[in-house]
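Enquirer: pasting the sequence and the predicted coordinates here, then a few questions.
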Amino acid sequence: MSTSSPKAFGLRQDFPFVRIFGFFLSIFTMTVMRSTIDKIVPSPYYSITNRNTGEDYIIFTDDAIWMLILMSFVIFLTLTFIIPIVLYFRGLSKWEWDPTTVVFWLIITWSLSFFFTEIAETNSTIEPLFLVLTKISDGSFVVFTTVFVLRAYSNYLVPLISDWINVGKSDTQYGPLLDILGSILIIVFGITNFLSTFNVEFGVLVAGVGVVGLVIALAAQDTLSNFFSGILLLLDQGFKTGDMIYFNDTYCLIREIGLRSTKIYDIVNHVIIIIPNNALANQNILNLTKPDRYYRLRIEVGVSYDSNPDEVEAALLEVAKENSSIEHDDPTRKPLVRFQNFGDSTLNFALVAWIKNVIKMRQINSDLHHQVFAKLRSKNIVIAFPQRDVHLFHEGDSQPNSVEKKINTNTEERQEVVAKASMPDEPNEVSELVEDLPDILDETVDLDIDKDEENMAMTALMDELNLLKQEMKTINDQNLESENEEIKSLKSQLSQMEKNFKDSENEEIKSLKSQLSQMEKNFKDNDNEQINLLKNEINSLKANLKDSEDTKPEDNVENIKSKKDEEDLAEAQRLIEEIESRKLD
């Protein structure tokens, strides 16, 4: 049995007791030995002199010597104790980025800067040289400081700040944005400090940077557009690394969101697609991972009209119950079956189920289709095919008297081609194929007795040709018999249809004759009534005319009236003559 490692003072066994004790012991030793070191260090200064002239080349003050001693002591403490202790308290066994080298040069450049400054103050003859060395040390210190801050920010501060911001917002990705923006600020700060060390004028520099920035902005419009689009994508929180999206008619996974481009993995084609952020920001993207990793799947199936809808629903629910990838515990996401509509040839149902992981959507969809097909077959429920009506016409018919025949087509709506009836003596494709065969069966083939392999091959070929010819003859005879039977059937149907058509035609003609005679009789009666009415009007007009002739006209008005009556009388006589002539016709 394994036992837990013993703890000392409530701490783990690997606690760095030695390093912590050595750190404090080193500081205590340095403090105690300071007086002893003061006795060893020359006071007030130590100089390098010319023995001949007695002139001092370089003067080292006690402060300058103490700077070198402290530099060595700090390097010893940092590399031996401080960096390993910090690594332990961070709970890591290895640095994300090892700062040992940069920290070493930071201490050296910082110490040398103070050392060269002290030497320059006490040695007026060589002061310009040591001032240059001081500036070089300061510039080097700024460079190493910028590198240290930049690496520490990217490796330590960015994850810490990103985790702090993302509390309650697990889908947000501020890490890349903070990394890029912070790195730019740190680099700009480092460059300005480095230039200020050498007394560079910032006014001219800022003006030049502004002009260069304008030129770069005009020349790199697409790059800047992608940069700002990347920032907007990160702040918009539409998707994050690891999300599954539907993009350009395929399923993809988000691999990396950068400030210039985004890398997505095409699951179907197994490729990495790199898309500029500007193009991605203008696309309609379907995020399948949001609002959660559940996905609602629909399996549609059409069954025959002879099927019982209740049995179909029960079978589909059994399929969902037997699949472990479907959610059953959540009452709001239980599988269900919908009777959608009455199709042309099928009763359409849909199985609606929630799957637990959208990444497995395509595999679960395939499994459910297999299971639905097997379950319906086991329940003797027919998955119906679409149906079409095909009409057969005879060549000689003047009118489309059709016989309807229903046939089944496959799910791709392929229609069977029905040929028109032809005479039995016309050649078909089988007979033409047989006639086109080479007449090698009737030829004499000279075989070489010494070539056994060629003889065997030719014999096998002859046998195969004989069998093929016999099979084709059999097929030709069967086709002719089936054609003759079909033609006879069609002829009988057509004769029956013609007979029915003639009977129906005779009945229609009789009905039309009776209707015409009745119409003629009605027309004659109407004409007689009109003639009698016109005759009565004519007689009345004649009587009026006679009375008007007996009386003398007293004024012009009465004369005009008599003339009008005569014209009406003439028009009436003309109408009577026209009606009588039409009646005779």
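Expert: That came in fine, so what should we check first?
Enquirer: in the protein, what secondary structure element scores lowest on mean pLDDT?
Expert: Sorted by mean pLDDT, DSSP states H and E, the helices and strands of the chain end with strand 403-408, the least confident at a mean of 41.
Enquirer: neighbours of A350, just the number please.
Expert: Residues lying near A350 (other Cβ atoms under 10 Å) number 15. In this view, the C-beta of every residue, glycine as well, is placed from N, C-alpha and C.
Enquirer: work out for me the element it sits within.
Expert: Taking DSSP states H and E as the criterion, A350 maps to strand 347-355.
Enquirer: show me the shaky parts of the stretch 101-250 of the chain.
Expert: Counting by pLDDT under 70, the stretch 101-250 of the chain contains low-confidence residues at 165-175, 202-204.
Enquirer: 90 instead?
Expert: Where the stretch 101-250 of the chain drops to pLDDT under 90, the residues are 103, 111-134, 138, 151-185, 187-250.
Enquirer: show me the contacts for the closest residue to V103 other than its chain neighbours.
Expert: Spatial nearest neighbour of V103, excluding adjacent residues (Cβ to Cβ, 6 or more residues apart in numbering): T78 at 5.8 Å. Shown in contact with T78 (Cβ atoms under 8 Å, 6 or more residues apart in numbering): V103, F104, I107.
Enquirer: closest one of these to K513?
Expert: V103 (123.4 Å; Cβ to Cβ).
Enquirer: could you look up the SS state of that closest one?
Expert: Judged by DSSP: H, G, I helix; E, B strand; the rest coil, the three-state class of V103 is helix.
Enquirer: go ahead and confirm it touches I83.
Expert: Yes: if you go by Cβ atoms under 8 Å, V103 and I83 touch, sitting 7.1 Å apart.
Enquirer: which of the residues in stretch 353-366 are classified as buried?
Expert: A353, W354, I355, K356, V358, I359, M361, I364 (16 or more other Cβ atoms under 10 Å).
Enquirer: can you give me the helices in the stretch 201-350 of the chain?
Expert: 202-219, 221-236, 277-281, 309-322 (DSSP state H, counting those that start in this stretch).
Enquirer: what packs against the third one?
Expert: With contacts defined as 3 or more Cβ pairs under 8 Å, 6 or more residues apart in numbering; DSSP states H and E, the packing partners of helix 277-281 are helix 221-236, strand 261-266.
Enquirer: what pairs with the shortest one, parallel or antiparallel?
Expert: Meaning strand 261-266. strand 250-257 (antiparallel), strand 271-276 (antiparallel) (DSSP bridges).
Enquirer: and these, which is most packed in?
Expert: Among the strands paired with strand 261-266, the stretch with the highest mean neighbour count (mean count of other Cβ atoms under 10 Å) is strand 250-257, at a mean of 18.
Enquirer: alpha carbons only: can I get it in CSV?
Expert: The C-alpha coordinates for strand 250-257 follow below in CSV (Å, rounded to 0.1, in the frame of the first residue of the first chain):
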residue,chain,number,x,y,z
THR,A,250,-19.0,22.4,-44.3
TYR,A,251,-18.4,21.8,-40.6
CYS,A,252,-15.3,23.4,-39.1
LEU,A,253,-13.5,23.8,-35.8
ILE,A,254,-12.0,27.1,-34.7
ARG,A,255,-8.3,26.5,-34.1
GLU,A,256,-6.8,30.0,-33.6
ILE,A,257,-8.1,33.6,-33.7
